[in-house]
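Engineer: quick check, what structure comes out for this input:
(2 chains)
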Protein chains: 2
Amino acid sequence: MRAITLLDGELNYDAHYPHADAAGRVEVHVLKAGICETDLQLTQGYMSFNGVLGHEFVGIAQSGRFAGRRVVGEINCACGHCSFCQRGVPRHCENRTVIGILNHDGAFADSLFVPEENLHPVPDYISTEHAVFTEPVAAACRILEQADINRDHHVVILGDGRLGNLCAQVISTTKADVLVVGKHDWKMQQLNAIGIQTTMLEDFQPAGAADFVVDCTGSPTGFPLSLQTVRPCGTVILKTTVAAEQPLHLAPVVINEVQVMGSRCGPFTPALQMIADKIVRVESLITAEYPLDQAIQAFRHAEQPDTLKVLLHVSDSV
Amino acid sequence: MRAITLLDGELNYDAHYPHADAAGRVEVHVLKAGICETDLQLTQGYMSFNGVLGHEFVGIAQSGRFAGRRVVGEINCACGHCSFCQRGVPRHCENRTVIGILNHDGAFADSLFVPEENLHPVPDYISTEHAVFTEPVAAACRILEQADINRDHHVVILGDGRLGNLCAQVISTTKADVLVVGKHDWKMQQLNAIGIQTTMLEDFQPAGAADFVVDCTGSPTGFPLSLQTVRPCGTVILKTTVAAEQPLHLAPVVINEVQVMGSRCGPFTPALQMIADKIVRVESLITAEYPLDQAIQAFRHAEQPDTLKVLLHVSDSV
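Structural biologist: A predicted model of the protein is given here:
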């Protein structure tokens, strides 16, 4: 089958990648997939991943209770036996594979294999283009599971990229006062068009007054700016990983008793619902779509600062 | 009056330091004071403090409702008007002074001036030596205000110094399973003697399984080791400030969804009670006591790794 692989840090298009063994998992024929910041970081050596990339996808399940239906899939594949699985947090299973990220071939291919319990059917009234966003919208929804944000709170989101945009939309559902700080005029205008306040980084004066700061910058400058922006006893939510070590000053965390909270994958059910209800608007996030065999170009495009989401078209719905 | 001052990074004994203006505060004649890790950091340039050092003290109030009584004093002096004061968190007052740390002459002197609302009388049955520990015990008690620790939790405390010891004792009151990781055999033995488990750093295998990790190392190595020690979705409590920037890798915070919580000053009332009830044992922490005019030597002593608490004797109770 066709697949986009990362081997020893090199991105390849392979027209004859060997079809994997199902091993009790459901084969999913991929329709569309999305390129994520994590994919770009993986190509830079993050997680030392080797294999087929891709973890944001919509496909057709080939077997099991969703056979023949469009599905999206949660990316952490749990063992079901370890202490975290038994405690009900399978996303942190100590034996997990992670689709397209850790010991699990991903979705930038004609097909992939997913445990049935990870699959969610896509309602007919959600288009495939929109459903591709389920995984990143779920990641934004994770914040609402971790932090008790409400209409009395002032929330600053650093970063106007794909994830910053989705976090702003999801957090706005709490009626909190949300401000996105970014670098790109047109990305700001898109946010303004759906009622979200923005300010350009160059005009932003961090005042140490925000109840919550969400760092979606993917940049080493994000965390220090977060600490300048958050109020004493406030919370900084780290949404993006920075692969490299960076020089940091933790004294402000202690002095101001800040909480720093890592935030990763989230729940698919509310994410699908928000997309279905158009509470989260994803259509304007799509910058471009490439066929699978032009994925290398698609990656180059996704790396540009003037893009939001770049999709891969793998096959048409049947 | 006599005072130990820090001026442009230089520690001095001044026999004729000018007596400050009370300015609505209560004069406290100092009996004893304790040298803290923060004092040592201040001499290294932390906070760029200039003035009289010292924030752990017992003295005799000279006026107000505690006139003539022994008192201890909370160190954050709040304005009473700002948003944090009005929200009930005066320790984070944006206009605060901090005794011996920020724009407020401290307790390594014959007297200091403290707002009356910061003072707590010391019950007669607590000795002055023991009451000096109220401020650091309160700092340990702060953890119990911030984190819901109970008997089902495994807590690892990194650092066997003054603060690590007190945090271990205070957290043990929750019946949690507490382990202190340290470097000094005799400090460990002291902890073992009061029923607290210990392990030498060289024998410690961080297993990513602790529910809570408290970093009391005061060292740049403490935070990375904390991240190796805490379980996914666990909490790292930062109790000591590291003045310098340090190279850090925050990706594990995101991947394992760790909460990192800064923790500073705490409540005096439960601290005094724990000392009174001998739930927290402080006597074995006293390594040495120096008269005020030998404070420079006392600082040199406190800097040695083989010390716990070094006290300054300022005057005798009258």
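
Engineer: partner strands of the lowest-mean-pLDDT helix or strand in chain A and their direction?
Structural biologist: One helix or strand of chain A scores below all others by mean pLDDT, DSSP states H and E: strand A:246-248, with a mean of 83. If you go by DSSP bridges, strand A:246-248 pairs up with strand B:246-248 (antiparallel).

Engineer: after the partner strand, which helix or strand is next?
Structural biologist: Sequence order places helix B:251-255 as the next helix or strand after strand B:246-248, per DSSP states H and E.

Engineer: mind giving me the packing neighbours of that next one?
Structural biologist: strand A:259-262 (3 or more Cβ pairs under 8 Å, 6 or more residues apart in numbering or on different chains; DSSP states H and E). Yep, even glycine has a C-beta here, placed from its N, CA and C like the rest.

Engineer: the strand it packs on and chain B in contact?
Structural biologist: Yes. For strand A:259-262, a contact with chain B is found by Cβ under 8 Å from any Cβ of the partner chain, at A:Q259, A:V260, A:M261, A:G262.

Engineer: okay, the residues you listed in CSV with pLDDT next?
Structural biologist: Output for these, formatted as CSV (pLDDT from 0 to 100):
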residue, pLDDT
A:Q259, 97
A:V260, 97
A:M261, 97
A:G262, 97
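
Engineer: which of those are buried?
Structural biologist: A:Q259, A:V260, A:M261, A:G262 (16 or more other Cβ atoms under 10 Å in any protein chain shown).

Engineer: pLDDT below threshold where in the stretch 201-318 of chain A?
Structural biologist: A:243, A:317-318 (pLDDT under 70).

Engineer: so which residues on it come close to chain B?
Structural biologist: Proximity of the stretch 201-318 of chain A to chain B, by Cβ under 8 Å from any Cβ, involves residues A:223, A:232-233, A:238-264.

Engineer: now the least confident helix or strand of chain A, how far from the centre of its chain.
Structural biologist: 24 Å (Cα atoms, centre = their mean, to the nearest Å).

Engineer: quick one: average pLDDT of the helix or strand encompassing A:V72?
Structural biologist: For A:V72, the host element (DSSP H and E) is strand A:70-73. In this model, strand A:70-73 carries a mean pLDDT of 98.

Engineer: and the helix or strand just after it, anywhere near chain B?
Structural biologist: Per DSSP H and E, the first helix or strand lying C-terminal to strand A:70-73 is strand A:76-77. No. Applying Cβ under 8 Å from any Cβ, one finds strand A:76-77 out of contact with chain B, separated by at least 10.9 Å.

Engineer: so what secondary structure elements neighbour strand A:76-77?
Structural biologist: Judged by 3+ Cβ pairs under 8 Å, 6+ apart, the packing partners of strand A:76-77 are strand A:97-98.

Engineer: so what touches the strand it packs on?
Structural biologist: The contact list for strand A:97-98, computed with Cβ atoms under 8 Å, 6 or more residues apart in numbering or on different chains, reads A:H55, A:I75, A:N76, A:C77, A:N103, A:H104.

Engineer: so who does the third one touch?
Structural biologist: If I follow you right, that is A:N76. So A:N76 contacts A:P90, A:R91, A:H92, A:C93, A:R96, A:V98, A:N118, A:C265 (Cβ under 8 Å, 6+ apart).

Engineer: could you dump the biggest helix by length in chain A to CSV, C-alpha only?
Structural biologist: In chain A, assigned by DSSP state H, the helix with the most residues is helix A:134-146. C-alpha atoms of helix A:134-146 as CSV (Å, rounded to 0.1, in the frame of the first residue of the first chain):
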residue,chain,number,x,y,z
THR,A,134,-11.8,15.6,15.8
GLU,A,135,-8.4,14.7,17.3
PRO,A,136,-7.2,18.3,17.6
VAL,A,137,-10.6,19.6,18.9
ALA,A,138,-10.5,16.7,21.4
ALA,A,139,-7.0,17.9,22.5
ALA,A,140,-8.5,21.3,23.1
CYS,A,141,-11.5,19.8,25.0
ARG,A,142,-9.0,18.1,27.3
ILE,A,143,-8.3,21.6,28.9
LEU,A,144,-12.0,21.7,30.0
GLU,A,145,-11.5,18.4,31.8
GLN,A,146,-8.4,19.6,33.6
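
Engineer: and the angle from the helix or strand just after it to helix A:134-146?
Structural biologist: Using DSSP H and E, the helix or strand that follows helix A:134-146 towards the C-terminus is strand A:154-158. Strand A:154-158 runs at 140 degrees relative to helix A:134-146, counting by axes from the mean of the first three to the mean of the last three Cα atoms, to 10 degrees.

Engineer: A:F113 reaches A:H29, doesn't it?
Structural biologist: No. Applying Cβ atoms under 8 Å, one finds A:F113 not in contact with A:H29, separated by 11.1 Å.

Engineer: of the two, who's got more company?
Structural biologist: Applying other Cβ atoms under 10 Å in any protein chain shown to A:F113 and A:H29 shows that A:F113 carries more neighbours, namely 20 against 17.

Engineer: which helix or strand contains the more buried one?
Structural biologist: In the assignment (DSSP H and E), A:F113 maps to strand A:111-114.

Engineer: and that strand, what other elements does it pack with?
Structural biologist: If you count contacts as 3+ Cβ pairs under 8 Å, 6+ apart, strand A:111-114 packs onto strand A:26-35, strand A:56-61.

Engineer: quick one: residues contacting the residue positioned nearest the centre of chain A.
Structural biologist: The residue lying closest to the centre of chain A (Cα atoms, centre = their mean) is A:P136, at 3.3 Å. By Cβ under 8 Å, 6+ apart, the contact list for A:P136 reads A:G34, A:C36, A:E56, A:R162, A:L163, A:L166.

Engineer: so which of the residues you listed wins on neighbours?
Structural biologist: A:E56 leads the contacts of A:P136 on contacts (other Cβ under 10 Å) with 32 neighbours.

Engineer: nearest residue to that one in space, please, no chain neighbours.
Structural biologist: Distances taken as Cβ to Cβ, 6 or more residues apart in numbering or on different chains place A:G34 nearest to A:E56, at 3.7 Å, with adjacent residues excluded.
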